[in-house]
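Undergrad: build me a model:
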Amino acid sequence: MSRFSPSVVQEILGRVIAYYTAFTLLPGVSVPGAVFLSQAFYWSKNSKTKARNGWFYKNQRGEDSWESETGLTPKQQANARKSLVDIGVLEEERRDVPAKIWYRVNCERLLELLTDQLDEGSSGGGCNSQFFPLVDSTIPSGRSGGQDGQTLIRPKGKSITENTTQSTSRNKSEAGKVENHPGSESKLTRAEMAELLGQQRADLIARNYGSDKVGAPAVDEMRRALRT
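TA: Residues are numbered from 1 along each chain as shown. Reported below is the predicted structural model:
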């Protein structure tokens with residue numbers, strides 16, 4: 001029997017960072033890029049960052065640097081940053097003397113790309129189990145994680161894939177009812193049907209963000225989840 005418990009190992013490891021595996025689905029983004037973006041997203045929710053219109057700065061090495069927080073080497077950071085800047089989810093500016101690199105996460109672009117991934121998953125017959133954000137779970141005080149000292153883990157119970165498949169099936173079933181309803185062909189144009197299906201996908205995203213809202217409020221809920 002081991003003399004040391006996992007809690008002892010955890011004390012040695014230090015702080016935990018929130019890592020969103022969904023970011024690996026972004027075009028051209030590897031695991032290091034997803035780790036970098038996850039930490040940048042964490043700092044984007046800092047109150048000081050919000051007061052600076054989303055901008056923050058962080059050194060490559062040293063105390064409270066990208067390397068100390070993520071374990072990424074300067075070379076890995078450079079590659080990660082390039083992949084994120086190329087797709088428009090990360091913005092950079094050189095300021096001050098000596099020059100410092102300031103960063104900002106473009107949440108609008110991030111939301112757009114994540115939604116695109118959901119659309120592709122839906123058209124392919126199912127959603128990737130890694131797409132949806134993870135839910136909050138309290139971790140010991142003093143650890144890094146979400147804005148309120150939380151890290152992100154998968155929910156207990158049914159897997160995200162199971163929940164997503166069920167929700168997607170319900171949406172398709174509802175859409176089928178509308179299409180097959182007597183007289184519906186004359187009432188719904190192709191554009192209106194596309195809008196209906198798009199709204200149902202937005203509802204699905206909102207539910208996986210932990211919201212029970214539907215329709216326009218679901219979209220607003222999803223946007224707030226990315227911005228706050």
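
Undergrad: can you give the domain ranges for the protein?
TA: Following automatic domain parsing, one finds the domains of the chain at 6-106+133-153, 160-227.

Undergrad: hey, least reliable of these by pLDDT?
TA: The weakest mean pLDDT among those belongs to domain 160-227, with a mean of 55.

Undergrad: ends of stretch 94-111, what's the gap?
TA: One end of stretch 94-111 to the other measures 25 Å (C-alpha to C-alpha, to the nearest Å).

Undergrad: ignore what I typed, I meant stretch 8-23.
TA: Stretch 8-23 stretches 31 Å from its first residue to its last (C-alpha to C-alpha).

Undergrad: try stretch 91-103
TA: End-to-end distance (C-alpha to C-alpha), stretch 91-103: 6 Å.

Undergrad: for it, buried residues please.
TA: For stretch 91-103, burial by neighbour count (16 or more other C-beta atoms under 10 Å) applies to 102-103. Yep, even glycine has a C-beta here, placed from its N, CA and C like the rest.

Undergrad: then stretch 59-70?
TA: Within stretch 59-70, the residues that qualify as buried are 60, 66-70, counting by 16+ other C-beta under 10 Å.

Undergrad: for S5, phi and psi?
TA: Backbone geometry at S5, expressed as degrees, to the nearest 10, gives phi -90, psi 170.

Undergrad: thought C107 was touching K45?
TA: No: taking contacts as C-beta atoms under 8 Å, C107 lies outside contact range of K45: 10.2 Å.

Undergrad: for the strand or helix carrying Y42, name the packing helices and strands.
TA: Per DSSP states H and E, Y42 falls inside helix 31-44. Packing contacts for helix 31-44, counted by 3 or more C-beta pairs under 8 Å, 6 or more residues apart in numbering; DSSP states H and E, involve helix 66-70, helix 74-86, strand 100-105.

Undergrad: now render the ones you listed as JSON lines, adding distance to D119.
TA: JSON lines is the format used below for those (distance: least, C-beta to C-beta, whole Å):
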{"stretch": "helix 66-70", "distance to D119": "30"}
{"stretch": "helix 74-86", "distance to D119": "21"}
{"stretch": "strand 100-105", "distance to D119": "22"}
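
Undergrad: figure out which of these is closest to L113.
TA: Closest to L113 of the helices and strands packed on helix 31-44, according to C-beta to C-beta: helix 74-86, at 10.7 Å.

Undergrad: CA-only coordinates of the closest one, as CSV, when you get a sec.
TA: Provided in CSV are the C-alpha atoms of helix 74-86 (Å, rounded to 0.1, in the frame of the first residue of the first chain):
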residue,chain,number,x,y,z
PRO,A,74,9.2,29.6,-26.2
LYS,A,75,9.3,27.7,-29.5
GLN,A,76,6.1,25.9,-28.7
GLN,A,77,4.5,29.2,-27.7
ALA,A,78,5.5,30.8,-31.0
ASN,A,79,4.0,28.0,-33.0
ALA,A,80,0.9,28.0,-30.9
ARG,A,81,0.5,31.8,-31.3
LYS,A,82,1.0,31.7,-35.0
SER,A,83,-1.7,29.1,-35.5
LEU,A,84,-4.2,31.1,-33.3
VAL,A,85,-3.4,34.4,-35.0
ASP,A,86,-3.7,32.9,-38.4
